[in-house]
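>>> Turn this into a model:
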Amino acid sequence: MFDALIYDVLMLCSLAKRFFRALGLRVGWASRPENRFDAMGEALGNLVHLGFVPAVVIDGGANVGQWSTLASGIFPGARFHVIEPQPGCWPALEARFTSPRFSIHRTAITSPNVAEVRMISAATDQRNTGAWVAPATGFADELSAIYPSTTLDDLVGPAIAAGDRVLLKLDVERHEISVLDGAAALLPRIEVIVSEVSFFDIHRIGGTTFTGLLNYLDARGFDLYDFAALAPRPRDNRLRMGDAIFVRRGTPLLEDANWE
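Reported below is the predicted structural model:
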């Protein structure tokens, strides 16, 4: 119930921001620089406006389903694969999402031939939004937990037809390239990727940064298309995190290359 209340408050805030924006007014924290924003709903809605209607949405790192709840209203005809390894998140997902439209997968996703992963800072209730996959050695702490893992190819690949327009969302805390390595067969069928990104190596623990993900996807036929959110480090406003949208080259969203 508490999660649902938080989501309702966030949605009301989003609606209020849209209302004031329509009046030509900007609403935000006074201490934040002007180029910081959170516009996931607007960014996804713009994809629909431009003709992108996915048949399948894959939510990798769903936590308690905040993003899928938002996206399911924007893409009402899509089937959803909701993926989350932390047991503390499962009751909320089960309460929000029901078959046949939604399939809940209780596993981590990673690179091929990895049967389990250790996640660091998995909270005691095992539903931490910032839990991250550790390297093969080191980084164990009292809040770590081991979860079974698989690849996207094995988990959802067989359920996706060649003609499906697919959106992949990733919120896997700098584990993106490992996850995409496990989607080698699926990736050519994905049209849009929405991924949380880090703009520098936070705490110098390794993992994927925005630059690394950009280069990886560029080599596999994707262009950077949009940003749905940008967030600074509070103490000095250095750009820290964001949500980037990538689109496969040769698909309809990239056909229009006009300046205006």
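
>>> From here on, just use CA atoms for contacts and neighbour counts.
OK.

>>> per the record, what domains does this protein have?
1-30, 31-108+156-254 (automatic domain parsing).

>>> Including distance to Glu116, mean pLDDT and mean neighbour count, could those go into TSV?
What follows is the domains of the chain, written out as TSV (distance: least, Cα to Cα, whole Å; pLDDT from 0 to 100; neighbours: other Cα atoms under 10 Å):
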stretch	distance to Glu116	mean pLDDT	mean neighbour count
domain 1-30	28	49	12
domain 31-108+156-254	8	94	18
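
>>> Rebuild those domains as TSV, extending it with distance to Glu260.
TSV is the format used below for those (distance: least, Cα to Cα, whole Å):
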stretch	distance to Glu260
domain 1-30	21
domain 31-108+156-254	14
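
>>> between the ones you listed, which gets nearest to Ala131?
Proximity to Ala131 (Cα to Cα) singles out domain 31-108+156-254 among the domains of the chain, at 7.2 Å.

>>> hang on, Ala115 packs against Ser149?
Yes. Contact criterion Cα atoms under 8 Å: Ala115 and Ser149 qualify, at 5.2 Å.

>>> and the helix or strand in which Met241 is found, which strands flank it?
Here Met241, judged by DSSP states H and E, is contained in strand 239-248. Paired neighbours of strand 239-248 in the sheet (DSSP bridges): strand 190-198 (antiparallel), strand 222-232 (antiparallel).

>>> Which SSE is immediately downstream of the shortest one?
This points to strand 190-198. Where DSSP H and E defines the elements, the next helix or strand beyond strand 190-198 is helix 210-218.

>>> Return the distance of that following helix from the chain's centre.
With Cα atoms, centre = their mean, to the nearest Å as the basis, helix 210-218 stands 15 Å off its chain's centre.

>>> Number the chain from 55, please
Sounds good: first residue 55 from here, last item helix 264-272.

>>> just checking, what packs against it?
Contacts defined by 3 or more Cα pairs under 8 Å, 6 or more residues apart in numbering; DSSP states H and E place helix 264-272 against helix 230-235.

>>> Excluding its own residues, what touches the helix it packs on? List them.
The set of residues external to helix 230-235 that reach it, using Cα atoms under 8 Å, 6 or more residues apart in numbering, is 163-166, 205-206, 224, 241, 262, 267, 270.

>>> returning to what we had before: between Ala169 and Ser203, which one's more packed in?
Using other Cα atoms under 10 Å, the more surrounded residue of Ala169 and Ser203 is Ser203, with 21 against 14.

>>> Look up how far Leu278 lies from that one.
As judged by Cα to Cα, to the nearest Å, Ser203 and Leu278 stand 28 Å apart.

>>> now Gly119
Taking Cα to Cα, one finds Gly119 at 25 Å from Leu278.

>>> For Ala199, give me the pLDDT.
With respect to pLDDT, Ala199 scores 83.

>>> Burial check on it, number of neighbours?
19.

>>> and stretch 254-261, how far from the chain's centre?
Centroid displacement of stretch 254-261 relative to its chain, using Cα atoms, centre = their mean, is 19 Å.

>>> got it, and stretch 161-178?
Distance, centroid of stretch 161-178 to centroid of chain: 16 Å (Cα atoms, centre = their mean).

>>> Next, the buried residues of it.
161-166, 171-177 (16 or more other Cα atoms under 10 Å).

>>> now the helices: where do they sit in this structure?
For the chain, applying DSSP state H gives helices covering 56-76, 94-103, 120-128, 144-150, 206-209, 230-235, 264-272.

>>> Alpha carbons of the last one, as CSV, please.
Included here for helix 264-272 are C-alpha records, laid out as CSV according to Å, rounded to 0.1, in the frame of the first residue of the first chain:
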residue,chain,number,x,y,z
PHE,A,264,27.5,6.0,-20.2
THR,A,265,30.4,6.3,-22.5
GLY,A,266,31.0,2.5,-22.5
LEU,A,267,27.3,1.8,-23.1
LEU,A,268,27.2,4.4,-25.9
ASN,A,269,30.2,2.8,-27.7
TYR,A,270,28.9,-0.7,-27.1
LEU,A,271,25.5,0.0,-28.6
ASP,A,272,26.9,2.1,-31.4
